[in-house]
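Enquirer: Provided below for reference: sequence and predicted model.
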2 protein chains.
Amino acid sequence: MKIATTIAQARALIAELREERRASAQGSAVGFVPTMGYLHEGHASLLRRSRQENGVSVLSIFVNPIQFGPGEDLDRYPRSEEADLKLAEREGVDVVFLPSVDEMYPEERRTTVTVTGVTERLCGASRPGHFDGVATVVSKLFHIVKPDRAYFGAKDAQQVAVLQKMVTDLNLDVVIVPCPIVREADGLALSSRNVYLSAEQRREALVLSRSLREAQARIERDGSVTSRAITDEVTQAIQASPLAEIDYVELLTFPNLEPLVADREMADLRRSGGSVILALAVKFGSTRLIDNAIMKLKEADLYA
Amino acid sequence: MKIATTIAQARALIAELREERRASAQGSAVGFVPTMGYLHEGHASLLRRSRQENGVSVLSIFVNPIQFGPGEDLDRYPRSEEADLKLAEREGVDVVFLPSVDEMYPEERRTTVTVTGVTERLCGASRPGHFDGVATVVSKLFHIVKPDRAYFGAKDAQQVAVLQKMVTDLNLDVVIVPCPIVREADGLALSSRNVYLSAEQRREALVLSRSLREAQARIERDGSVTSRAITDEVTQAIQASPLAEIDYVELLTFPNLEPLVADREMADLRRSGGSVILALAVKFGSTRLIDNAIMKLKEADLYA
C-alpha cells in the first residue's frame, strides 16, 4: 500500500498501477472510496467492494472544510490516521490519498460545483452550502484519481443522489456505486460521529433505526397508507425519546428527492413502481445523526 | 477524419486513437479545440497548434444554448457545418464531435460550474450567467474528450481566465493553451459574428483594433500614464464613430481581472512586472464585438 500526500504523487502512483495492471487478470479499472477518515465497518464494506470490482483500489481521507457550515463540527471531527491506515491495509487498498487542506485548496478558490433540486430538502435545507462543498470536493477528487467506479454509503443517501446527478449532468466518466448502510447489531447505523454519543444518547439513538423499520413494515403492510401518516408516526416515535431533537423526518421520492404530493402519493407510486426514501436527521445533544430507508414500492404490496 | 454525434461515439473514437498512437512517434496526447462552429482562420490557428503538439486532435462544434442570455443571438448564431468540416479536414483533425442539444442536455440539468471573481467585470457583468454556461459546457466537454491540452483564442480573454481558474480550482488534468488573436489584414479581430456586419459597420469596426494599438503604444511610451487616461482616450476614439455603442472599455490586471486602483496603478504594476488587459465590447447595430490587448508591463518602459 502506497501513501500519497500530494496530488502529483497520487496521480503518478495511480497511473503507474493502472499501467502495471493493464495486462493482468484483475484489469486496470480504478475503484475509489472517498472518505473523511475515522473509518468504520461501513467504509470497510465500500473498500471490499472496490477491491472485488477493480484492479486498482484507491482510498482518500480528507476532512473537507468547505462542506462544513459555521458552527458545525469541523474542528472536532474525529481523526485516527493510524487506525485508518491499518484498516486500509487490511482491505487491500493500493493507494491512500491523504492530502492537506493547503494541497486541496492552495489559493483563493473561486470555482464551485452546484447541484440544485435534489439539494433543496433534507440535509440540503438544514445545512446550506453543504452539498456545494461535497460536489466541489468530489469533483476535484474525481479529477485527481480518475476512477472508473466510486463507492458511497447509502447512509448519506442525499449525497449519493447529488453526486449521481452531478456525474450525469457533467458527463463525468465514472460509475457511482451506492452501497447498503452497515449497522451495529442493535440497528444503529455506523457513523464516524457515533463516537460523540454518551452511553445514554447511544441507547436512545436506537429509536432511529427502530422507527425506520416499523415504518417500512407499515408501508409494506398497508397499501393505502399516506406519506403524512408515516412521517407523523416516525416523528411521534422519536419525540418519545427525551434526548432526541428532530431536524427533519421526510418521506420523498427517490432519487429525485421530491415531496409526495397529489399524483405522486404512495398509492400512485406503487402503480408506477417508484421508489421512496424515508430520511431523518436527529440531534442527540450536539451530535447530529442521520439514517434512512430506501424502498421500491411494489403494486403487490397493495394486496399483501 | 471521423465524426461523432454522440458522447459514446466520441469517447470510443478518441480512446481507440489514443490506444493506436501509444507507441507512435506523435504520441497519444489529445489536443482539443472546443468551438461553436462557423470556423475561421482564428480557429484554424488553434487546430494547427493542436495538431503540432498532440498525437490526437479533436474539434468540437456545439452552439451551447446555456451560455446565451435572453435576447442574445442564439437563434441566429451563424452555422456552416459543411465548410467547418472541410476546414477541419484540411487542418488534420482526427475526430469532430458534433453533438445535438439533446445529446448534451438530455434531461433537466441541475448542475452548474460557477467561477466567481474573474467573472464579475467585462462580459461577465454585461452577460449575466454567460460564464456559468461556458464553464459548465467546457467542463462537460473536458469530461467527454479527456484532452491533455485545450486551445482557446485570446480574443475571448476573459473566457481563458475563467477556464484557467476552473481548471486550477477543480484539478482538471488539462493544460489550457491560450493562442494569439488572429486579425484581418486591416486589423479587425476574426469572429464568427463579423458576418453580421454591414459594409459600413465593418469599416467603422476598425476603430476597435486601431484604438487598442494606439493605447498600447501610449502605455509603452508614457511610463506615468494612468489607467483612467487610457480608457478615456479609447472611449473617446470609439465614440467618434457614429455607429458604435460602447458596452465597456476597461483596463484590468491580467489574469485576475481586477480594476487598477491605488497600489495597483500602472506605474506600480510596472515595478512588479505585472500584466494588464485593455478590453472592450462595442455594439455595431445589434452585433456585439469584443477585442483586447494583453500587455506585460516592463520597468524599462518607464525610460523608453
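Expert: Yes, it's here. Numbers count the residues shown, from 1 in each chain, chains lettered A, B, ... in the order given.
Enquirer: in chain A, where is pLDDT below threshold?
Expert: The model of chain A has pLDDT under 70 over residues A:262-264, A:299-304.
Enquirer: what ranges does it have for its strands?
Expert: Secondary structure of chain A (DSSP state E): strands at A:2-4, A:30-35, A:56-61, A:95-97, A:111-115, A:149-153, A:175-179, A:244-254, A:275-284, A:287-296.
Enquirer: out of these, flag the one nearest chain B.
Expert: strand A:111-115 (3.6 Å; C-beta to the nearest C-beta). Glycine gets a C-beta too; all of them are placed from N, C-alpha and C.
Enquirer: now the angle between strand B:111-115 and the closest one, please.
Expert: Between the axes of strand A:111-115 and strand B:111-115, defined by axes from the mean of the first three to the mean of the last three C-alpha atoms, to 10 degrees, the angle is 160 degrees.
Enquirer: and strand A:111-115, anywhere near chain B?
Expert: Yes. Counting by C-beta under 8 Å from any C-beta of the partner chain, chain B has neighbours in strand A:111-115: A:111-115.
Enquirer: from the contact counts, what lies against that strand?
Expert: Strand A:111-115 sits against helix A:130-145, helix A:157-170, strand B:111-115, helix B:157-170, with contacts defined as 3 or more C-beta pairs under 8 Å, 6 or more residues apart in numbering or on different chains; DSSP states H and E.
Enquirer: now mean neighbour count and distance to residue B:206 too, for those, in JSON lines please.
Expert: Formatted as JSON lines, these follow (neighbours: other C-beta atoms under 10 Å in any protein chain shown; distance: least, C-beta to C-beta, whole Å):
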{"stretch": "helix A:130-145", "mean neighbour count": "24", "distance to residue B:206": "43"}
{"stretch": "helix A:157-170", "mean neighbour count": "23", "distance to residue B:206": "41"}
{"stretch": "strand B:111-115", "mean neighbour count": "23", "distance to residue B:206": "33"}
{"stretch": "helix B:157-170", "mean neighbour count": "23", "distance to residue B:206": "20"}
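Enquirer: switch these over to JSON lines; also include distance to residue B:284.
Expert: Formatted as JSON lines, the helices and strands packed on strand A:111-115 follow (distance: least, C-beta to C-beta, whole Å):
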{"stretch": "helix A:130-145", "distance to residue B:284": "40"}
{"stretch": "helix A:157-170", "distance to residue B:284": "36"}
{"stretch": "strand B:111-115", "distance to residue B:284": "29"}
{"stretch": "helix B:157-170", "distance to residue B:284": "20"}
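Enquirer: out of those, flag the one nearest residue A:90.
Expert: Comparison of the helices and strands packed on strand A:111-115 against residue A:90 by C-beta to C-beta identifies helix A:130-145 as nearest, at 20.8 Å.
Enquirer: quick one: the closest one to chain centroid distance?
Expert: Distance of helix A:130-145 from the chain centroid (C-alpha atoms, centre = their mean, to the nearest Å) equals 14 Å.
Enquirer: now for it, which elements pack on it?
Expert: With contacts taken as 3+ C-beta pairs under 8 Å, 6+ apart, helix A:130-145 sits against helix A:7-20, strand A:30-35, strand A:56-61, strand A:95-97, strand A:111-115, helix A:122-126, helix A:157-170, helix B:157-170.
Enquirer: if we go to 7 Å?
Expert: Judged by 3 or more C-beta pairs under 7 Å, 6 or more residues apart in numbering or on different chains; DSSP states H and E, helix A:130-145 is in contact with helix A:7-20, strand A:30-35, strand A:111-115, helix A:122-126, helix A:157-170, helix B:157-170.
Enquirer: in PDB, list the C-alpha atoms belonging to it.
Expert: Taking Å, rounded to 0.1, in the frame of the first residue of the first chain, the C-alpha atoms of helix A:130-145 are listed here in PDB:
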ATOM      1  CA  HIS A 130     -23.100  21.600   2.400                       C
ATOM      2  CA  PHE A 131     -23.700  19.900  -0.900                       C
ATOM      3  CA  ASP A 132     -21.900  22.600  -2.900                       C
ATOM      4  CA  GLY A 133     -18.900  21.700  -0.700                       C
ATOM      5  CA  VAL A 134     -19.400  18.000  -1.300                       C
ATOM      6  CA  ALA A 135     -20.000  18.300  -5.100                       C
ATOM      7  CA  THR A 136     -16.900  20.600  -5.400                       C
ATOM      8  CA  VAL A 137     -14.500  18.400  -3.500                       C
ATOM      9  CA  VAL A 138     -15.800  15.100  -5.100                       C
ATOM     10  CA  SER A 139     -15.400  16.700  -8.500                       C
ATOM     11  CA  LYS A 140     -11.800  17.600  -7.600                       C
ATOM     12  CA  LEU A 141     -11.100  14.100  -6.200                       C
ATOM     13  CA  PHE A 142     -12.500  12.500  -9.400                       C
ATOM     14  CA  HIS A 143     -10.200  14.700 -11.500                       C
ATOM     15  CA  ILE A 144      -7.200  13.700  -9.400                       C
ATOM     16  CA  VAL A 145      -8.000   9.900  -9.000                       C
END
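Enquirer: next, the angle from it to helix B:157-170.
Expert: Per the same axes, to 10 degrees, the angle that helix A:130-145 makes with helix B:157-170 is 90 degrees.
Enquirer: I would like the residues contacting helix A:130-145, please.
Expert: For helix A:130-145, contacts defined as C-beta atoms under 7 Å, 6 or more residues apart in numbering or on different chains pick out A:7, A:10-11, A:14, A:30, A:32, A:34, A:58, A:60, A:64, A:66-67, A:69, A:97, A:104, A:112-115, A:119, A:123-124, A:159, A:162-163, A:166, A:172, A:174, B:170-173.
Enquirer: likewise stretch A:105-121?
Expert: Residues from elsewhere that reach stretch A:105-121 (C-beta under 7 Å, 6+ apart): A:131-132, A:135-136, A:139, A:158, A:161-162, A:165-166, A:250, A:252, A:256-257, B:110-118, B:165-166, B:169-170.
Enquirer: contact residues of chain A facing chain B?
Expert: Counting by C-beta under 7 Å from any C-beta of the partner chain, chain A comes close to chain B at A:7, A:109-118, A:139-140, A:143-144, A:165-166, A:169-173.
Enquirer: before we move on, back to that, show the buried residues in the contacts of helix A:130-145.
Expert: A:7, A:10-11, A:14, A:30, A:32, A:34, A:58, A:60, A:64, A:66-67, A:97, A:104, A:112-115, A:119, A:123-124, A:159, A:162-163, A:166, A:172, A:174, B:170-172 (16 or more other C-beta atoms under 10 Å in any protein chain shown).
Enquirer: once you drop chain neighbours, what's closest to the closest residue to chain B within the stretch 201-304 of chain A?
Expert: Of all residues in the stretch 201-304 of chain A, residue A:256 sits closest to chain B, with a separation of 9.6 Å (C-beta to the nearest C-beta). The spatial neighbour of residue A:256 that comes closest, neighbours along the chain excluded (C-beta to C-beta, 6 or more residues apart in numbering or on different chains), is residue A:118 at 6.5 Å.
Enquirer: and for the one you found, the neighbour number?
Expert: Using other C-beta atoms under 10 Å in any protein chain shown, residue A:118 has 26 other residues around it.
Enquirer: cool, and residue A:207?
Expert: 22.
Enquirer: apart from its chain neighbours, what residue comes closest to it?
Expert: Using C-beta to C-beta, 6+ apart, the closest residue to residue A:207 is residue A:241 (4.8 Å).
Enquirer: try residue A:1
Expert: Spatial nearest neighbour of residue A:1, excluding adjacent residues (C-beta to C-beta, 6+ apart): residue A:89 at 5.2 Å.
Enquirer: okay but the one you found is in contact with residue A:39, surely?
Expert: No. Between residue A:89 and residue A:39 no contact is recorded; they are 11.3 Å apart, counting by C-beta atoms under 7 Å.
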